[in-house]
Every structure is written in structure tokens, then in C-alpha cells.
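[1] kindly generate the corresponding structure for this input.
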Amino acid sequence: MLHVITQISQAVKNIERVNIYLNGKFWLGLSKNNLVSLRLFKGQQLSELERREVERTAFDSNNIHKAVNYMRIRPRSCAEVRDYLVLRRKIAVEEAENVVSYLQNQELLSDEKFALWYVEYKSQTGVNGINKIKTELLQKKVNLKIINEVLEKIYGDGEFQQGQLVKIKEFAEKVTKTIKAKDSYELKSKLIQRLLARGFKYAEIKEVLKTLHL
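    Just a heads-up that it's a prediction; the model follows:
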């Protein structure tokens, strides 16, 4: 089976890299140095063997194996995988970028899927409000647009919103017993600060406080 390089375009985020399309579909990202050394050009036909040889140059199979093993522990963001390869496995940035691009192309790595998993997981475990979760996703270098889209999707579920209110109420009832305050005003103020620190929205907190008669 022959494969045809139908397009070679400049990578958006890295001027030293190009994106290569095979038979009209994205194939892989490659450094310009590798592009020259492999003598690849638009319209070129590659046999199955030649295609695999190019992939071996672009993707070190050992590096891919390391990344996949890292992802088996739990879902990861693209930045987490990239940082793991560069900082812990001491792999060159260019090679790490190749691995990340390959995993994304194979639909094994996705910031959208990671963000969705992370929000659901953190919402179900411990006491974590949506603002706290959002901050943590930003720290993991997930794009803000992706985060907002995922949060909008999840928060559009009425059952999820109701679950958040129940969680806030249960936590508020528990933590109120530990707060030392001279009057109800101070108690309410300190409780609000505790709940905000957990990442819950003020509107949610205000609604729950009405049911607690504080």
C-alpha cells in the first residue's frame, strides 16, 4: 500500500516544526531538521516500510512506551505528559513534542477528555468546589477555553448542581461546629471564607446558608 504526502504545513506553536499530512489526514509532527534529513516533500509516495521508518525517526517507541505507562496510573493532560518526559525522563523537548503529537493523533491523549475526567473525579471525591478544580486544571496547563467548555457542559446538568449544594451543606454543617466566633455574624463570615477556600461559588454558598438559617 502506498501513502502519499498530501500536505506539509508550518506548525502553529513552533516555527521549528512542521505538520505532515498523509492521504489527506494529519500524520505526524516533525522538526524541520528531520524533514530535511529524511528528504520528505509534498506529493512523495511512501511504501508501508518507508512510512514506518519515518515514524521511527519521529517517534522513539521507547519514549512512547514511557508516556503510555505514565498515563496508565491515571489520565493526564498534554502538559503533564510533556513535562514528565522532559523533566523526569530527561528526553529532549523536540522528542517529547513528537510523542505528545503522536498520542493525540492516536486519540490516546486529549486535554478535553482529561478535563472532563478531572472535574468529575474531584467533584466526587473530597470537598472540592468548581473554582478550586478550575485553578488546579490551569496549574496543569489545560487551556482556559477547554476548561470553561467542560465546566459549562457538566454544570448544565441539574443533578450535578443539586449534588454540589448537598455537598456544601454537609460540609458547612460539619465545619460550623469547629468554628469559634463571638456572634452569629462572625460565625457566618468565617464559614463563608471556609467554603470559598474550598472553591465553591458564592451564589451556591449563599443559597445553602439560607437553609442553615445563619
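[2] what residues of stretch 195-203 count as buried?
    195, 198, 199, 200, 201 (16 or more other CB atoms under 10 Å). Every residue, glycine included, has its C-beta placed from N, CA and C.
[3] which residue ranges of the chain form helices?
    Counting by DSSP state H, the segments of the chain that form helices are 32-38, 48-58, 61-73, 78-83, 93-105, 111-124, 130-139, 144-155, 158-176, 184-197, 202-212.
[4] per-domain residue ranges of this protein.
    Using automatic domain parsing, the domain ranges for the chain come out as 3-58, 61-109, 112-155, 159-212.
[5] now tabulate those in TSV and tack on mean pLDDT.
    Listed next are those as TSV, based on pLDDT from 0 to 100:
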stretch	mean pLDDT
domain 3-58	89
domain 61-109	90
domain 112-155	92
domain 159-212	89
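[6] which two in the buried residues of stretch 195-203 are spaced the farthest apart?
    Within the buried residues of stretch 195-203, two members stand farthest from each other by CB to CB: 198 and 201, at 10.6 Å.
[7] between those two, what contacts are shared?
    residue 129 (CB atoms under 8 Å, 6 or more residues apart in numbering).
[8] circling back: rebuild the buried residues of stretch 195-203 as a markdown table, extending it with distance to residue 108.
    Formatted as a markdown table, those follow (distance: CB to CB, whole Å):
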| residue | distance to residue 108 |
| --- | --- |
| 195 | 38 |
| 198 | 33 |
| 199 | 30 |
| 200 | 34 |
| 201 | 34 |
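[9] measure the nearest residue to residue 55 once chain neighbours are set aside to residue 94 for me?
    Leaving aside its chain neighbours, residue 55 sits nearest to residue 28 (6.8 Å; criterion: CB to CB, 6 or more residues apart in numbering). Look at residue 28 and residue 94: by CB to CB, to the nearest Å, they are 13 Å apart.
[10] could you dump stretch 140-147 to PDB, C-alpha only?
    Output of stretch 140-147 as PDB, limited to C-alpha atoms (Å, rounded to 0.1, in the frame of the first residue of the first chain):
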ATOM      1  CA  LYS A 140      -1.900  21.500  34.900                       C
ATOM      2  CA  LYS A 141      -1.700  23.900  31.900                       C
ATOM      3  CA  VAL A 142      -5.000  22.900  30.400                       C
ATOM      4  CA  ASN A 143      -6.300  25.700  28.100                       C
ATOM      5  CA  LEU A 144      -8.800  28.000  29.800                       C
ATOM      6  CA  LYS A 145     -11.300  27.700  26.800                       C
ATOM      7  CA  ILE A 146     -11.300  23.900  27.200                       C
ATOM      8  CA  ILE A 147     -11.800  24.200  31.000                       C
END
